[in-house]
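> I would like to see how this sequence folds:
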Amino acid sequence: MNVAELRNAALDLNNVEGLTHRFYRYPARFSPAFAAAAVRCFSEPGQLVLDPYMGGGTTIVEALAAGRRSVGSDINSLAVFLTRVKTTALSRDHCAAVRAWANASVRRISYRYSRKAIADILEDARTGNLSLPRARAIKKAVAIALSSINDLPTRRTQEFARCAVLKTAQWALDNRRRHTELSEFRDRLKANVQEMLIAIGQLADVLRQHGRETRTPVLMERNAAQIDSAPVFVRSGQRVDLVITSPPYPGVHVLYHRWQVDGRRESAAPFWIADCQDGHGSAYYTFGDRRREGLDFYFDSLLATLRSIRRTMKMGAHMVQMVAFTDPRKQLTRYLDSMAAAGFEEIVANGRRIWRTVPNRKWHATFKGDIPSSREVVLLHRAA
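Numbers count the residues shown, from 1 in each chain. Presented below is the predicted three-dimensional model:
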């Protein structure tokens, strides 16, 4: 157990990069270097890795690249969509089809394009707040790009194209401090498709090195409190060798499901672009929201999920987590008590835990300065 390697990876402040990790900027993601180090330190090729709060799929991609089997789960349909795209290789012909689609779409994106031809796409209920002045032109550009996606030959290529539009629209809209020109959107979409095709090709090359040992990840839209009843565990009876995850943080409310556009107004645009369903408020994704006083609901929810996760694991299997707290002195103790109650034993190497500063915070978050939730801790446990 090389905890020093895990510590070095956790403290790595480099930008997220490598393989398909740059397909989308998911909130609160941890670094691929950290996930890869955890996989190497606490599992062997062919073993089963679980992330019950998989978010943008960092753990699943790194487990796949390291020749491990993997199960990923999240209650957010957008997370399931993203992870599926990031772990699905494309054939040479499919890559060519996506490239041709991108070239054709870019040529069509224009202020003069008929709104009537894309009216059904523009009027989708999930486009709320995209008709504001700063977002209006980009909304139309996205609709034009989406209008031709069904012309692609397979679901894999269609979802890949949606992800490229999603990545480009996030850059153009989410927390944007200035207006994005249509010409900028066209250039960025074409560049993103090219970058993503190279990345998915690199992942395919890595997977070929493992041959048949690497299986397609099992991905589920599922509450972690019911993960032990998932068919992948019930029918096969298989158990998890390693859990790597980052659960919701107590008292920290992150918009996992929305963008903030034109003065930080919320938009469900990611679900519109990815063709996923959203219908939940922030409390659904974070075990609580700003209007709920205290953290009893959070810790009750946490304990239920931890017990379910524990039931999927082998005796002695490891669980590696990245967590932050608004009040570490009080909340960390309560969090560790929940872990113990669920059947976990903490491992503290050399008598100290690994703490790090959250890297690459969004520009508006830096205004709050060095607050407790801007620091994360790595928790290492063993299934007792």
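> what is the rounded mean pLDDT of the biggest strand by length in the chain?
Ranked by number of residues, the top strand in the chain under DSSP state E is strand 313-324. Taken as a whole, strand 313-324 has a mean pLDDT of 97.
> from residue 142, how far off is the residue sitting furthest away from the middle of the chain?
In the chain, the greatest distance from the average C-alpha position (C-alpha atoms, centre = their mean) is reached by residue 112, at 35.5 Å. Going from residue 112 to residue 142 by C-beta to C-beta, to the nearest Å gives 16 Å. C-beta: built from backbone N, CA, C; applies to glycine.
> any low-confidence regions in the stretch 151-300 of the chain?
212-214, 253-256, 279-286, 288-294 (pLDDT under 70).
> now the helices for it?
For the stretch 151-300 of the chain, the helices defined by DSSP state H, counting those that start in this stretch occupy 155-173, 182-210, 231-234, 269-274, 282-286, 296-312.
> among those helices, which is the most enclosed?
helix 269-274 (a mean of 25; mean count of other C-beta atoms under 10 Å).
> can I get it in PDB, CA atoms only?
Written as PDB, here are the backbone C-alpha positions of helix 269-274 (Å, rounded to 0.1, in the frame of the first residue of the first chain):
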ATOM      1  CA  ALA A 269     -29.300  23.600 -20.700                       C
ATOM      2  CA  PRO A 270     -26.900  20.700 -20.100                       C
ATOM      3  CA  PHE A 271     -29.900  18.300 -20.000                       C
ATOM      4  CA  TRP A 272     -31.300  19.800 -23.100                       C
ATOM      5  CA  ILE A 273     -28.100  19.400 -25.100                       C
ATOM      6  CA  ALA A 274     -27.400  15.800 -23.800                       C
END
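> run the chain-centre distance for that helix.
Mean-position distance between helix 269-274 and its chain equals 14 Å (C-alpha atoms, centre = their mean, to the nearest Å).
> neighbouring contacts of that helix?
77-78, 81-82, 124, 126-127, 130, 139, 142, 146, 159, 162-163, 165-166, 169-170, 173, 257-259, 261, 276-278 (C-beta atoms under 8 Å, 6 or more residues apart in numbering).
> residues near residue 116, how many?
Close neighbours of residue 116, defined as other C-beta atoms under 10 Å, add up to 8.
> let me know the pLDDT of the residue most central in space within the chain.
Centroid-nearest residue in the chain: residue 56, 1.3 Å away (criterion: C-alpha atoms, centre = their mean). Per-residue confidence (pLDDT) for residue 56: 94.
> run through the stretch 1-150 of the chain and note the low-pLDDT ranges.
Applying pLDDT under 70 to the stretch 1-150 of the chain picks out residues 1, 28.
> can we see that at 80?
Counting by pLDDT under 80, the stretch 1-150 of the chain has low-confidence residues at 1-2, 13, 27-29.
> what about the strands in it?
Ranges of strands in the stretch 1-150 of the chain, per DSSP state E, counting those that start in this stretch, are 48-51, 69-74.
> wait, which of those is closest to residue 42?
Ranking the strands of the stretch 1-150 of the chain by their distance to residue 42 (criterion: C-beta to C-beta) puts strand 48-51 first, at 9.0 Å.
> next, count neighbours for residue 96.
Using other C-beta under 10 Å, residue 96 is surrounded by 13 other residues.
> for residue 345, same thing?
Residue 345: 12 surrounding residues under other C-beta under 10 Å.
> excluding chain neighbours, what is closest to it?
Nearest non-adjacent residue to residue 345, counting by C-beta to C-beta, 6 or more residues apart in numbering: residue 384, 4.3 Å away.
> and the gap between that neighbour and residue 341?
11 Å.
> what of residue 166?
39 Å.
> how about residue 129?
Separation of residue 129 from residue 341 (C-beta to C-beta) stands at 42 Å.
> which one's more surrounded, these two?
Set residue 129 next to residue 341 and count neighbours by other C-beta under 10 Å: residue 129 wins out with 19 against 14.
> surely the more buried one touches residue 135?
Yes: at 7.1 Å, residue 129 and residue 135 qualify as touching, with contact defined as C-beta atoms under 8 Å.
> so what sits against both of these two?
Residues touching both residue 129 and residue 135 (C-beta under 8 Å, 6+ apart) are 261-262, 267.
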